[in-house]
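1. Build me a model:
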Amino acid sequence: MKYTRPKWLFHNFGLKMVAFIFAIVYWVYIQGELGVNLSKYTRGYLFEERVLENVPIDILVSFNNTYDISVQPSIVDILLEGKPEHLKRVLRKDLIVYVDLREIHQTGVFHLPVHIEHLPDELSLGFELPIVDVLLEEKISIPPGHKGNLSPNILRR
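-> Presented below is the predicted three-dimensional model:
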């Protein structure tokens, strides 16, 4: 039995090779020059990522200035995803990144999630916001020129 080549495969073979090479060149152009990652195709459109670096974390409190508060880390990087035209409109100052301390009324170290407000509906976060360490300490005011010993209740470590 003699082997015969499939007719459909080799019919217009030169034209098929030119089309294949053109497709590869076009794919490389889209990947390289435009910087578009074709794997990031979702909801019917291509989307991009943008990182807002060193966004400060605000503190939302319900009590008066009776505690010293420190947040570690005090800044966070935010990865936004969405259409390029929506990403260009978002500024770092438009977003409010904060830690909510309204339900905490005692001193100590707390591990709390970071929240974000004013994120446009067209955009999404590329990752979950981190959990930060918050240290609440009582403020101690000692008048200038104070002489004598401090109360033992002040130093509780």
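
2. looking at the protein, which helix or strand does the model trust least?
-> Ranking every helix and strand in the chain by mean pLDDT, DSSP states H and E puts strand 41-42 at the bottom, with a mean of 53.

3. Tell me the buried residues in the helix or strand Ala19 falls within?
-> Per DSSP states H and E: Ala19 is located in helix 13-32. Neighbour counts over helix 13-32 (16 or more other CB atoms under 10 Å) mark no residue as buried. Just so you know, the C-beta spots here come from the backbone N, C-alpha and C atoms, and that holds for glycine as well.

4. for stretch 99-111, same thing?
-> Within stretch 99-111, the residues scored as buried using 16+ other CB under 10 Å are Val99, Asp100, Leu101, Ile104, Phe110.

5. where does the chain have low pLDDT?
-> 1, 32-46, 63-65, 141, 143, 146, 148-157 (pLDDT under 70).

6. So which residues of it form helices?
-> With helices called from DSSP state H, the chain shows them at 7-10, 13-32, 84-89.

7. Those helices into CSV, with extra columns for distance to Val51?
-> Compiled in CSV, the helices of the chain are given as follows (distance: least, CB to CB, whole Å):
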stretch, distance to Val51
helix 7-10, 47
helix 13-32, 21
helix 84-89, 10
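
8. Looking at those helices, spot the one closest to Leu52.
-> Judged by CB to CB, the one of the helices of the chain that comes nearest to Leu52 is helix 84-89, at 9.9 Å.

9. other SSEs contacting the closest one?
-> strand 48-56 (3 or more CB pairs under 8 Å, 6 or more residues apart in numbering; DSSP states H and E).

10. Could I get the buried residue list for the strand it packs on?
-> Glu48, Arg50, Leu52, Val55.

11. With stretch 71-88 instead?
-> Quick answer for stretch 71-88 (16+ other CB under 10 Å): Val71, Val76, Ile78, Leu80, Glu81, Gly82, His86, Leu87.

12. Show me which of those residues is closest to Phe20.
-> Distances from Phe20 to the buried residues of stretch 71-88, taken by CB to CB, are shortest for Glu81, at 32.9 Å.

13. Any figure for the gap between that closest one and Ser74?
-> As judged by CB to CB, to the nearest Å, Glu81 and Ser74 stand 25 Å apart.
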